[in-house]
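Engineer: okay, predicted coordinates and the sequence, questions at the end:
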Amino acid sequence: MLKHWKKSVAAAGTAALLLGSVPFAALAFDDLEGIPQAASILELREEGVVSGVGNGKFEPRAPIAARDAVALIVRSLDLSLAAFTFIKQPLASDYFVHVPDDAWYAEAFVIAHLNGVPLDRDIDPNGTVTREQFVRWLMSAVDTKGPFAWIEIYHMLTDEADVSEGYMDAIQRAVVAGIAKPDEDGRFRPKDEITRGEAAEMARNAKRFAKDAPPVEPLPADPIETGEVAVSIVPVTPEVSKIVLDMGERPHPGWNVKIEGIEFVDEDSAVVRYSVAYPDPAALYPMVVAHPKSEQYIASAYTDITYVFVGEGGPIGGGTPSFPGRPLPEIVPLPPEDAATDAPADANPDTPVGGPGR
């Protein structure tokens, strides 16, 4: 019988995942004088995230090794295997060529990999890490705590041409979030080896961001996509159509659908924004069958229509969709199909009955 193996977050709290192997309680770093990242390093030390290299040293100016960078990210963002269940215990050798299963940092590599941190299979745990590499790893870990709302601002970097393909998104998000920052000359120095002090400060900032930034509440499923709201375009005249959003019959008037606005993109494209209201569990509704729908006239020239769900609406009724765009002609209903037989004999055969030709 197969025995399932599950690892909890608590196991990641051992000394093996500290940034170094010296017990944290015995540390009092004496090499932080004049180091800009000193406060961040001490904050992480107090939280048990880092422990230095021994003899009261942190070596903040030294390049950080990949093994320490991965352990730092795992510890600072509390990554774990709590959400995973395995047939057997996962080993570092399952995912990496050069990470020994018995190394103190092996578990950190496994945790990082399974949480989506993009580590190469042939990574050298003793090798150095560039600034762009570290930021990409770090922001991948931050993403596990979200989703977060990212402001669409692009920060110009004077050395952005040096950023490797696939790394700019992580760098831009890190700068927007205040996790990383360029220097006074606007340089990010993506190919420079990141120091232990720089990595610690970015990790501290990421830890704070993940704790303080509220995750985005995702919108519920689009009712049109789920089939809860049906869409139809009904011809009214040759030049005017009617958009109908229909929720079908409901047992009482607690449901509603409303076209909130229409944005006209170009001569034949439009975006219809709509909302849906659902019954209030605390309200009493008359048990009368209702048929919620919303209708809006639109020029027939708009044939490329996109529907955007903007969330749950307010009280039923009220509001008028915005409607600039093409002016609508006077709406005259289309004649019955047999009306063409009643057309006068001298009528222009190129002019449709019931409205002017286009």
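Structural biologist: That came through fine. Please read all numbers here as calculations on a predicted model, not as lab measurements.
Engineer: domains of this structure?
Structural biologist: Using automatic domain parsing, the domain parsing of the chain gives 9-212, 223-332.
Engineer: deepest-packed of those, please.
Structural biologist: Compared across the domains of the chain, domain 9-212 shows the largest average neighbour count, a mean of 18 (mean count of other Cβ atoms under 10 Å). (Each C-beta comes from the backbone N, C-alpha and C, glycine too.)
Engineer: same question for it, mean pLDDT?
Structural biologist: Domain 9-212 carries an average pLDDT of 88.
Engineer: mind checking the SS state of Tyr297?
Structural biologist: strand (DSSP: H, G, I helix; E, B strand; the rest coil).
Engineer: do I have it right that it meets Ser241?
Structural biologist: Yes: if you go by Cβ atoms under 8 Å, Tyr297 and Ser241 touch, sitting 7.3 Å apart.
Engineer: so Ile41 touches Glu47, yeah?
Structural biologist: No: taking contacts as Cβ under 8 Å, Ile41 lies outside contact range of Glu47: 11.0 Å.
Engineer: which residue is the nearest non-sequential neighbour of Phe148?
Structural biologist: Closest residue in space to Phe148, ignoring its immediate chain neighbours: Ala213 at 5.3 Å, by Cβ to Cβ, 6 or more residues apart in numbering.
Engineer: the one you found: neighbour count?
Structural biologist: Using other Cβ atoms under 10 Å, Ala213 has 16 neighbouring residues.
Engineer: that one contacts Val176, correct?
Structural biologist: No: proximity of Ala213 to Val176 does not meet the contact threshold set by Cβ under 8 Å, at 10.9 Å.
Engineer: does Gly127 touch Ala66 like I think?
Structural biologist: Yes: Gly127 lies in contact with Ala66 (Cβ under 8 Å); the separation is 5.2 Å.
Engineer: quick one: contacts for the nearest residue to Arg61 once chain neighbours are set aside?
Structural biologist: Spatial nearest neighbour of Arg61, chain neighbours left out: Thr195 (5.6 Å); criterion: Cβ to Cβ, 6+ apart. Counting by Cβ atoms under 8 Å, 6 or more residues apart in numbering, Thr195 touches 60-64.
Engineer: quick one: which of the residues you listed sit in strands?
Structural biologist: When the contacts of Thr195 are checked against strands (DSSP state E), there are no matches.
Engineer: out of those residues, which one sits closest to Leu91?
Structural biologist: Distances from Leu91 to these, taken as Cβ to Cβ, are shortest for Ile64 (24.3 Å).
Engineer: and the strands in this structure?
Structural biologist: Using DSSP E, strands in the chain cover 230-237, 240-246, 256-264, 269-277, 293-299, 304-312.
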